[in-house]
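**Student:** Okay, sequence plus prediction incoming.
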Amino acid sequence: MFESLSDRLSGVFDKLTKQGALSDDDVKTALREVRVALLEADVSLPVARDFVAAVQAKATGQAVTKSITPGQQVIKIVHDELERVLTGDTDPGALKIDNPPAPILMVGLQGSGKTTTTAKLAKRLKEREGKRVLMASLDTNRPAAMEQLAILGAQIGVDTLPIVKGETPVQIAKRAKTAASLGGYDVYMLDTAGRLHIDAELIAQAAAVRDVANPRETLLVVDGLTGQDAVNVAQEFDAKIGVTGVVLTRMDGDGRGGAALSMRAITGKPIRFVGLGEKMDAIETFEPQRIAGRILGMGDIVALVEKAQATIEAEQAEKMMKRFQQGRFNMNDLKMQLDQMLKMGGMQGMMGMIPGMGKMKGQMDAAGIDDSILRRQIALINSMTKKERANPDLLAASRKKRIAAGAGLEVSELNKLVKQHRQMADMMKKMGKGGMLKNAMKQMMGKGGMPDMNDPEAMQEAAKALQGKMPAGGFGLPGMGGGMKLPANLSGFGKKK
């Protein structure tokens, strides 16, 4: 997400921070490059022009050029302005789910990912907010659209309205409203039909459903890869139906991300969520402050904590912490951490969220290092016996040959894995003795368990705890791939052939 824009801006700011003092001309030159970077990232010209003008007004003068760290001061101003543009004039807050059953209307063009997004949001509402959700497909045009939503509902454990052939979208909406009321649901989601382009029939159908349902939220689902046209689509839908928020999909692709900046600035509609893949949990709330940090390559440690919370069981983490404090770290523990890294988005996904580590992603690509390394390491551990996993000291030469052959890999790769395990075990012992591990886990998990994900202050505290307890030169916390120094420890391991 926003990788091309982030890379360009990082290059601009690298030049700034290398200079001791900045003149007004230095700032102007840098901001010219920022404008080019924004335009290349598909940000509309008026938005790019206004953005640079606002930054220049704040970045020109004594406050910056006489600052102790002028380059960093400019970066902060750009970050604050990015956050302001992405936030807009009003904070939409959480989804309005009051007076149950609350209807949520999903609209958008065909192929934008409405049906998948409907299921993702339903899963999120069910699991994170404890809501009873009913989904209903109103798409009577696309073949098997209703069946698709029913299949997704079965996968995520969310009820769907039974399919009755021959009904119109308005009739289905009325039936969904009745079923949601009688069934005691908190929310019912209406997945409307789309078209390849906006036409009178599409608008009329969506407007008729809106009038029947009187939705609390009307979410427009837009493909993030469509660039500037996404803004035009949002304006059209808002003018003719009324939109309360936008969901940008396919933001994990190679799109440039500028549509997000243009969308918020031009339409004034808040971006509520971003879709980051096909999996049902691949959706995030759009947090302007955190997104601005990601665009500038500052990472997103809060998102990392959220991912950790979603994949780490508190009870499991406590058990692991006790083992590490006692200096016990075997191959089973290492395998658990490798599995955890894959669940949390792999090495590159995690690197992008750790402040200051975003640039390492390029080095990893150049070195041919990717998530296949983790899978190869897991294969080697799976090839070991239970005794060997519990006690890696048993791994003599003959055993190593058998293990490597069982995984279809070379003994040299197993040796690197054993060395990595030893380094991580040593680090865990040091962290355990100093109390660093215990304090980090206490602050991250809180005395009462995991912090509340809906409480921004609690999440920020957890993020600070995690960030502050990372050991220098390594990254180590229970269940989070601790101690992997990249690319040194993995140099030559599992490189792409």
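**Tutor:** Looks like it arrived, so ask away. Remember, predicted model here, so these are calculated numbers, not experimental data. Numbers count the residues shown, from 1 in each chain.
**Student:** can you map out the helices along the stretch 251-400 of the chain?
**Tutor:** All helices of the stretch 251-400 of the chain, identified by DSSP state H, counting those that start in this stretch, fall at 258-267, 288-295, 301-311, 314-325, 331-343, 346-351, 360-366, 372-382, 386-390, 397-407.
**Student:** Lowest average pLDDT across the ones you listed?
**Tutor:** Sorting those by mean pLDDT places helix 301-311 lowest, at a mean of 55.
**Student:** between the longest helix that the chain contains and helix 397-407, how big is the angle?
**Tutor:** Ranked by residue count and defined by DSSP state H, the top helix of the chain is helix 411-434. With axes from the mean of the first three to the mean of the last three CA atoms, to 10 degrees defining the directions, helix 411-434 sits at 110 degrees from helix 397-407.
**Student:** Surely Pro103 is within a strand?
**Tutor:** Yes - according to DSSP: H, G, I helix; E, B strand; the rest coil, Pro103 belongs to a strand.
**Student:** quick one: contacts for it?
**Tutor:** Lys177, Ala180, Val187, Tyr188, Met189, Leu190, Ala213, Asn214, Pro215, Arg216 (CB atoms under 8 Å, 6 or more residues apart in numbering). For every residue, glycine as well, the C-beta is placed using N, CA and C.
**Student:** please redo it, this time with the cut-off set to 10 Å
**Tutor:** 97, 134, 136, 173, 176-177, 180, 187-190, 209-210, 212-218 (CB atoms under 10 Å, 6 or more residues apart in numbering).
**Student:** cool, and Leu86?
**Tutor:** 260-261, 263-265, 270-271, 286-292, 295.
**Student:** circling back to that earlier point, just the buried residues out of the contacts of Pro103, in ChimeraX syntax.
**Tutor:** The ChimeraX command for the buried members of the contacts of Pro103 (criterion: 16 or more other CB atoms under 10 Å) is given here:
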select :97,134,136,173,176,177,180,187,188,189,190,209,210,212,213,215,216,217,218
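**Student:** Other residues contacting stretch 401-413?
**Tutor:** With CB under 10 Å, 6+ apart, stretch 401-413 has contacts from 373, 376-385, 388, 395, 397, 400, 414-418, 492-494.
**Student:** filter the residues you listed to the buried ones?
**Tutor:** The neighbour-count test (16+ other CB under 10 Å) marks 373, 376-378, 380-381, 383-384, 388, 395, 400, 414, 416-418, 493-494 as buried among the contacts of stretch 401-413.
**Student:** For the chain, which residues score under the pLDDT cut-off?
**Tutor:** Applying pLDDT under 70 to the chain flags residues 1-22, 61-72, 90-93, 253-257, 293-294, 296-322, 324-327, 344-370, 431-497.
**Student:** What separates the first and last residues of stretch 232-249, distance-wise?
**Tutor:** End-to-end span of stretch 232-249 (CA to CA, to the nearest Å): 16 Å.
**Student:** List the buried residues of it.
**Tutor:** 233-238, 241, 243-249.
**Student:** Now tabulate these in TSV and tack on distance to Ala37 and secondary structure.
**Tutor:** Listed next are those as TSV, based on distance: CB to CB, whole Å; DSSP: H, G, I helix; E, B strand; the rest coil:
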residue	distance to Ala37	secondary structure
Val233	24	helix
Ala234	23	helix
Gln235	25	helix
Glu236	28	helix
Phe237	29	helix
Asp238	28	helix
Ile241	34	coil
Val243	29	coil
Thr244	31	coil
Gly245	27	strand
Val246	23	strand
Val247	25	strand
Leu248	20	strand
Thr249	24	strand
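**Student:** quick one: which of the residues you listed is nearest Gly275?
**Tutor:** Nearest to Gly275 among the buried residues of stretch 232-249, counting by CB to CB, is Thr249 at 3.8 Å.
**Student:** Just confirm that closest one contacts Ser112, I think it does.
**Tutor:** Yes - at 6.1 Å, Thr249 and Ser112 qualify as touching, with contact defined as CB atoms under 10 Å.
**Student:** overlap in contacts of those two?
**Tutor:** Residues touching both Thr249 and Ser112 by CB under 10 Å, 6+ apart: Val221, Val222, Asp223, Gly224, Leu225, Thr226, Gly275.
**Student:** Let me have the residues you listed in CSV, extended by secondary structure, neighbour count and distance to Lys120.
**Tutor:** Below are these laid out as CSV (DSSP: H, G, I helix; E, B strand; the rest coil; neighbours: other CB atoms under 10 Å; distance: CB to CB, whole Å):
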residue, secondary structure, neighbour count, distance to Lys120
Val221, strand, 26, 10
Val222, strand, 28, 15
Asp223, strand, 22, 15
Gly224, helix, 28, 15
Leu225, helix, 19, 18
Thr226, helix, 20, 19
Gly275, strand, 24, 7
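**Student:** Reformat those residues as JSON lines; add distance to Glu201.
**Tutor:** JSON lines is the format used below for the shared contacts of Thr249 and Ser112 (distance: CB to CB, whole Å):
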{"residue": "Val221", "distance to Glu201": "19"}
{"residue": "Val222", "distance to Glu201": "20"}
{"residue": "Asp223", "distance to Glu201": "21"}
{"residue": "Gly224", "distance to Glu201": "26"}
{"residue": "Leu225", "distance to Glu201": "25"}
{"residue": "Thr226", "distance to Glu201": "21"}
{"residue": "Gly275", "distance to Glu201": "26"}
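**Student:** show me where the stretch 51-200 of the chain has helices.
**Tutor:** With DSSP H, counting those that start in this stretch as the criterion, the stretch 51-200 of the chain has helices spanning 62-65, 70-87, 114-129, 145-156, 169-183, 200-213.
**Student:** for the second one, which positions count as buried?
**Tutor:** Along helix 70-87, the positions that meet the burial threshold by neighbour count (16+ other CB under 10 Å) are 70-71, 73-79, 81-87.
**Student:** Compute the inter-axis angle for that helix and helix 288-295.
**Tutor:** Using the same axes, to 10 degrees: helix 70-87 against helix 288-295 is 130 degrees.
**Student:** okay, the angle between helix 70-87 and helix 258-267?
**Tutor:** Orientation of helix 70-87 against helix 258-267 (the same axes, to 10 degrees) gives an angle of 60 degrees.
**Student:** and the residue nearest to Arg422 when sequence neighbours are not counted, how far is that from Ile266?
**Tutor:** Ranked by CB to CB, 6 or more residues apart in numbering and with sequence neighbours excluded, the top spatial neighbour of Arg422 is Pro392, at 7.9 Å. Pro392 sits 58 Å away from Ile266, going by CB to CB, to the nearest Å.
**Student:** Next: Asp426.
**Tutor:** In terms of CB to CB, Asp426 sits 54 Å off from Ile266.
**Student:** what's the answer for Arg32, then?
**Tutor:** From Arg32 to Ile266 the distance is 23 Å (CB to CB).
**Student:** Next up, the contacts around His197.
**Tutor:** Leu109, Gln110, Asp229, Val233, Glu236.
**Student:** Can you give me the buried ones in stretch 167-184?
**Tutor:** Buried-residue list, stretch 167-184, by 16+ other CB under 10 Å: Pro169, Ile172, Ala173, Ala176, Lys177, Ala179, Ala180.
**Student:** got the contact list for the second one?
**Tutor:** Residues near Ile172 by CB under 10 Å, 6+ apart: 136-140, 146, 161, 163-164, 190-192, 209, 212.
**Student:** for the last one, same thing?
**Tutor:** Ala180 makes contacts with 100-103, 132-134, 136, 159, 161, 186-189, as judged by CB under 10 Å, 6+ apart.
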